[in-house]
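S.K.: Dropping the sequence and predicted coords here.
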Amino acid sequence: MIWLDAFSPGKFRVPATALAGLALGLALGVTGCSSIGQRARSVASSLTPYKAEVVQGNFVSREQVAQLHAGMTRVQARDLLGTPLITPLFEGDRWDYVFTMRRQGVPPQHYRLTLYFSGDALDRFDGDEMPSEDEFVQRISGHTRKDKVPPLQATPEQLKRFAADNPASAASAPDAAASAPDKTYPPLE
């Protein structure tokens with residue numbers, strides 16, 4: 001057996017095979033650490049940190065914009081669209097509705113609508129093409145529906161056949177004009 005004096009001559013002796021084993025173990029340990037580091041980096045790069053959803057402003061839909069018309073009062077416009085995000089201090093006759101949203105995995109959403117007043121009456125408005133409420137929900141959900149819902153239609157022959165097969169349901173069905181919902185609502189004061 002070969003002995004090598006390691007640190008101080010005559011006081012501490014280490015076999016040469018032990019030093020070779022120690023060197024081999026150290027080399028394998030360093031190599032193992034680097035491969036673990038590469039694996040950890042690949043796992044870390046595949047995972048993305050949580051990004052908070054940022055929503056600013058108030059969303060204005062195409063249906064709401066369709067109800068805007070020249071001559072509306074400020075109160076009517078505020079009731080319809082909500083409080084504007086920006087009311088310039090030096091331009092009291094202008095309201096800006098801005099909506100931005102950033103959600104992970106979905107393209108950023110940004111919409112702008114500006115209302116111009118003359119006194120208390122709405123003079124004009126302009127801005128981006130607003131999505132409908134359904135379109136907006138599809139845009140922020142991250143996936144689109146691939147299946148189409150078929151239109152619910154019945155031919156007159158099918159309706160007659162249904163009425164003949166189900167006389168109780170045809171007699172109890174309310175008149176369409178009588179079941180129309182009331183479109184007027186009391187003021188919220």
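M.R.: Received the coordinates, thanks. Numbering: from 1, shown residues only.
S.K.: residues of stretch 131-144 that come out buried?
M.R.: 131, 136, 140 (16 or more other CB atoms under 10 Å). C-beta coordinates here come from the backbone N, C-alpha and C atoms, glycine included.
S.K.: swap in stretch 97-113?
M.R.: By neighbour count with 16+ other CB under 10 Å, stretch 97-113 contains the buried residues 97-99, 101, 103, 109, 111-113.
S.K.: and the least confident of those?
M.R.: Ranked by pLDDT, the buried residues of stretch 97-113 bottom out at residue 103, which scores 81.
S.K.: With distance to residue 167 and secondary structure added, can I get the buried residues of stretch 97-113 in CSV?
M.R.: As requested, these are exported to CSV (distance: CB to CB, whole Å; DSSP: H, G, I helix; E, B strand; the rest coil):
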residue, distance to residue 167, secondary structure
97, 54, strand
98, 58, strand
99, 52, strand
101, 53, strand
103, 53, strand
109, 52, strand
111, 52, strand
112, 57, strand
113, 53, strand
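S.K.: which two from these end up farthest apart in space?
M.R.: 103 and 113 (20.9 Å; CB to CB).
S.K.: The residue nearest to residue 127 when sequence neighbours are not counted and residue 88, how far apart?
M.R.: Among residues not flanking residue 127 along the chain, residue 113 sits closest, at 3.6 Å (CB to CB, 6 or more residues apart in numbering). Separation of residue 113 from residue 88 (CB to CB, to the nearest Å) stands at 15 Å.
S.K.: same question, residue 136
M.R.: 27 Å.
S.K.: now do residue 123
M.R.: From residue 123 over to residue 88 (counting by CB to CB), the distance is 15 Å.
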